[in-house]
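1. Generate a structure from the sequence data that follows.
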Amino acid sequence: MRFDAHQHFWNPERLHYPILSPEAFGELYRTIEPPELQPLLREAGIDGTVVVQAKDGLDETEYLLELAERYPWIAGVVGWVDLASPERAASQLAAFGRHPKFKGVRHLIMVEPNPDWLVRPDVVEGLRVLAASGFPFDAGAEFPKHLRHVETIARAVPDLKIVVDHLGRPPVGTPDMAAWEAELARAAAYPNVYCKLSGLSVADPASPAEAAVRTALRLFGARRLMLGSDWPISNPGLPYGEALDRLVRAAGDLSSEELDALLGGTAKAFYRL
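-> Okay, the predicted model is just below:
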């Protein structure tokens, strides 16, 4: 089965999204829900998706789980719990964990004023609670602010499965690519850390973005790498299926087993879809 391991829905008429604004999102500042994505999935041969939170709040997690109940092809929801309060996180995980499509947790660390939020003692304790629940963590860790912290939490909470969203936002086309690769390599040294091939615009085989894809494949291997569209945000000028195909082609020659892992096997095992 083929899975898109990272995409979003939102409804600004129902919920308040602090990261969404007409200035930043332009045409995408509107309600975007499953009927818009469904025909694109069918055309691209995608069997299911993992929809990922776009705001920190219980209300959005409840909303996404409602959508998952209505659309069988939503295979999983990565929602939010209050990781900064381990006691509340435990209660919220117990409640959400009863839903068969609740599959993991993310916090918008990329908009936290404190770049070290992820390694605060209270948050690390919240991550231990998450590990005990059996659910994984999506780390929206971006270079250069947060990617270095993935190694820290992987070491501090070895039972927690972690996936780095969007390759940690590599600084493609800049002299900082070597530093990004070094930080990603330190995270990849821990077997509980995975990576999402997502959130990246690719153009041609010689582009720096495609080089980042090959770096991630070398560091993690296909069995710890999963494909995600970041729809509707990434590659707005490309058709949905073509954007995914370009990411796969950027990985180069893969065995059939590696291709199966990248296209869905890794996501299926990681999120228990």
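2. where along the chain do the helices fall?
-> Under the criterion DSSP state H, the chain contains helices at 22-25, 34-44, 58-70, 86-96, 121-133, 148-156, 177-188, 208-220, 240-250, 256-260, 266-271.
3. what's the spacing between Tyr190 and Glu151?
-> The gap separating Tyr190 from Glu151 is 7 Å, by Cβ to Cβ, to the nearest Å. For glycine as for every other residue, the C-beta is placed from the backbone atoms N, C-alpha and C.
4. sorry, back to before: tell me which of the helices of the chain is the most buried.
-> Highest mean neighbour count of those: helix 266-271, a mean of 23 (counted as mean count of other Cβ atoms under 10 Å).
5. now for it, which elements pack on it?
-> For helix 266-271, the packing partners by 3 or more Cβ pairs under 8 Å, 6 or more residues apart in numbering; DSSP states H and E come out as strand 3-7, strand 74-79, strand 225-227.
6. What strands flank the shortest one, and is each parallel or antiparallel?
-> Applying DSSP bridges, strand 225-227 is found paired with strand 193-197 (parallel).
7. Not counting the partner strand itself, show me its contacts.
-> 5-6, 150, 154, 161-168, 184, 187-188, 213, 216, 219-220, 224-228, 247, 251, 262, 266, 270 (Cβ atoms under 8 Å, 6 or more residues apart in numbering).
8. mind running it again at 7 Å?
-> Contacting residues not belonging to strand 193-197 are listed as 5-6, 150, 154, 162-167, 187, 213, 216, 220, 224-228, 247, 266, 270 [Cβ atoms under 7 Å, 6 or more residues apart in numbering].
9. Likewise for stretch 119-127?
-> 83-86, 89, 117, 137, 149, 152-153, 156-157, 160.
10. what do you get if the cut-off is 10 Å, keeping everything else the same?
-> Residues from elsewhere that reach stretch 119-127 (Cβ atoms under 10 Å, 6 or more residues apart in numbering): 81-90, 93, 105, 107, 109, 112, 114, 116-118, 137, 139, 146, 148-150, 152-153, 156-157, 159-160, 162.
11. What's the mean pLDDT across that stretch?
-> Here stretch 119-127 scores 98 as its mean pLDDT.
12. ok, now stretch 9-22?
-> The predicted model assigns stretch 9-22 a mean pLDDT of 95.
13. Give me the contacts around it.
-> 25, 28-34, 36-37, 49, 51-57, 59-60, 62-64, 67-68, 71, 74, 77, 108, 110-111, 231-232.
14. Okay, now the unreliable bits of the stretch 51-200 of the chain?
-> Counting by pLDDT under 70, the stretch 51-200 of the chain shows no low-confidence range.
15. ok, and the closest non-adjacent residue to Gly221?
-> Residue nearest to Gly221 in three dimensions, not counting chain neighbours: Glu258, with 7.8 Å by Cβ to Cβ, 6 or more residues apart in numbering.
16. give the contact list for the residue nearest the centre of the chain.
-> With distances taken as Cα atoms, centre = their mean, Asp165 lies nearest the centre of the chain, 4.1 Å away. Residues in contact with Asp165, defined by Cβ under 10 Å, 6+ apart, are 5-6, 52, 78, 106, 109-110, 138-142, 195-196, 198-199, 228, 230.
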